[in-house]
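[1] Fold the following, please.
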Amino acid sequence: MAVRSMVLASVFEPLIDVFGPVLVSLHGVIGGSWGWSIIALTIVVRALLLPLAFKQTRSMHKLQRAAPQVKAIQNEHRGDKRRQQQEILKVYRENEINPFASFLPFLAQIPVFIGLYYTLRTRLREDICPGLQAAFRHTYAASHHIPLHQAAGHTVACHGLNGSSWLFIHDLTNTATGLTLLVLIALYLGTQLASSLMMQAPTIEPTRRRIMLLLPLVFVIFIINFPAGLVLYWITTNTWTIGQQWIIRRTIGPVEPVTPAAPGLSPGGRDGARAAAGANGGASGGGGGLPVLAAATP
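    Residues are numbered from 1 along each chain as shown. Now for the predicted structure:
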C-alpha cells in the first residue's frame, strides 16, 4: 500500500509542484490554520473558472432551446439511429451548441483535486511538521530494515501541529474520525445536494433527478478515506457553486423550459422526448462538486 502511494505520488509530482507552492504562498499571506489556505485556494480556483461557468450556463440554454427540434428528429428518424445522429449534430452546428461545454468546469477541477490530495499527504506534511517526518522516517527505515534514503517518500499525519488543525478538524493532513467525520459528511451531503439541485435543468426526468440526488451518498464511501483538508476543499467548492448559480441565474436568467410536446405523440416520440430531456438534465450538472462527476459539480 505504501509503495503504491509512493508510485502514484511520483506520477502526480508535477501537480504537487504546482499546487504545493500555491498553497504555501497563500498560507504565507493568510497565516494561522492551513484550513484557511485551503479555502482561499478553492476560491482562487473557482474564480478562475468563472468564464467556463458562464459558458456552461449559456450552453445549457442553447440545449434547452434546441430540445424541441431534437425531439422532432428523434421521432422522425427513430428507426435510423445513424440519420438521427447526423440530423441532431446538424442542429447543434446550426445553433453553435457544444454539448460537452457543460462538463468543462468539472474537468478543469480534476487536476486541482488530485494535486491537493497528494500535496496534503506528502509535501504539506513536510512543510507543517518536518521534525515529526524526520523522526518517522528513521523509525520506518529501522522497522523495515531499509536505508534511510529509501524511506524519504513516507510521511505521517501531523496530529494538529503548526496549524494543521482547523476549527473542529484536528488534522487536515489526515483522515477524519469520530464526530469530526460525521460533521464533515453532513456538511458534504448538504452542500452537494444543494449544489446539485441548483445545477439541474427544470426538464430533468424524475428518475434521473432521484439518481443524481442519491449519488452523493455513494461517494461518502470514498471521502471517509480522504484527508480532511480535501473534504474541506470539496465542501467549499460546493458552497461556491450554490452562490455562483444564484448569481448566474440572476445575470443570465433561468434555463428556459422545453416547449411541451404536442398531444398524441407516438411511443417513439415520447421516447425521443424523454431522451432529450434526459440529455438536457445530464448536461446541466457539470459545474458543481467533483464527486458527483458531472451531476453536481467542483
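[2] In contact with I30, which residues?
    W36, S37, A40 (Cβ atoms under 8 Å, 6 or more residues apart in numbering). All C-beta spots, glycine's among them, are computed from the backbone N, C-alpha and C.
[3] Rank these by pLDDT and give me only the lowest.
    In terms of pLDDT, S37 ranks lowest among these, with 90.
[4] Could you pull out the helices in the stretch 51-200 of the chain for me?
    For the stretch 51-200 of the chain, helices defined by DSSP state H, counting those that start in this stretch occupy the ranges 81-94, 104-118, 124-128, 130-144, 178-199.
[5] Compare these and say which comes out lowest on pLDDT.
    helix 130-144 has the lowest average pLDDT among the helices of the stretch 51-200 of the chain, namely a mean of 58.
[6] any idea of the pLDDT on T239?
    pLDDT, T239: 93.
[7] what's the angle between the helix or strand where it lies and helix 178-199?
    Taking DSSP states H and E as the criterion, T239 maps to helix 228-252. Orientation check (axes from the mean of the first three to the mean of the last three Cα atoms, to 10 degrees): helix 228-252 against helix 178-199 gives 20 degrees.
[8] related to what we said a few turns ago, the contacts of I30 in helices, which ones?
    W36, S37, A40 (DSSP state H).
[9] Tell me, how many residues neighbour the first one?
    Think W36. W36 has 18 neighbouring residues, counting by other Cβ atoms under 10 Å.
[10] Just give the closest residue to it, not the sequence neighbours.
    In this structure, W36 finds its nearest non-sequential neighbour in I30, 5.0 Å apart by Cβ to Cβ, 6 or more residues apart in numbering.
[11] for I43, same thing?
    Nearest to I43 is W240, by Cβ to Cβ, 6+ apart, at 7.0 Å.
[12] what about the one you found, distance to I97?
    W240 sits 26 Å away from I97, taking Cβ to Cβ, to the nearest Å as the criterion.
[13] which one of those two has more residues nearby?
    Each of W240 and I97 has its neighbours counted (other Cβ under 10 Å); W240 has more, 25 against 22.
[14] thinking the more buried one is in contact with T42, fair?
    Yes: between W240 and T42 there is a contact at 6.7 Å, judged by Cβ atoms under 8 Å.
[15] If you count neighbours, what's buried in stretch 70-81?
    By neighbour count on 16 or more other Cβ atoms under 10 Å, the buried set for stretch 70-81 is V70, K71, A72, I73, Q74, N75, H77, R78.
[16] I'd like to know which of these is nearest to Q84.
    H77 (4.1 Å; Cβ to Cβ).
[17] and the closest residue in space to T236 that isn't next to it in sequence, what is it in contact with?
    Nearest residue to T236, sequence neighbours excluded (Cβ to Cβ, 6+ apart): T42, at 4.1 Å. T42 sits next to Y233, T236, T237, W240 when contact means Cβ under 8 Å, 6+ apart.
[18] ranking these by neighbours, who comes first?
    Counting neighbours by other Cβ under 10 Å, T237 comes out on top of the contacts of T42 with 30 neighbours.
[19] For the residue lying closest to K55 once chain neighbours are set aside, grab the count of nearby residues.
    Closest residue to K55 apart from its sequence neighbours, by Cβ to Cβ, 6+ apart: A101 at 5.6 Å. Around A101 there are 19 other residues, counting by other Cβ under 10 Å.
[20] Was I right to think A101 contacts Q56?
    Yes: between A101 and Q56 there is a contact under Cβ under 8 Å: 5.8 Å.
[21] sec struct for the residue nearest to V112 when sequence neighbours are not counted, please.
    Distance criterion Cβ to Cβ, 6+ apart; nearest residue to V112, sequence neighbours excluded, is V45 at 5.3 Å. Under DSSP: H, G, I helix; E, B strand; the rest coil, the three-state class of V45 is helix.
[22] show me the contacts for V45.
    Q109, V112, T237.
[23] Is the residue nearest to T236 inside a helix or a strand, and which specific one?
    Going by DSSP H and E, T42 is in helix 34-48.
[24] Taking helix 228-252 as reference, get the angle to that helix.
    30 degrees.
[25] Distance of Q84 relative to A67?
    Distance, Q84 to A67, by Cβ to Cβ: 15 Å.
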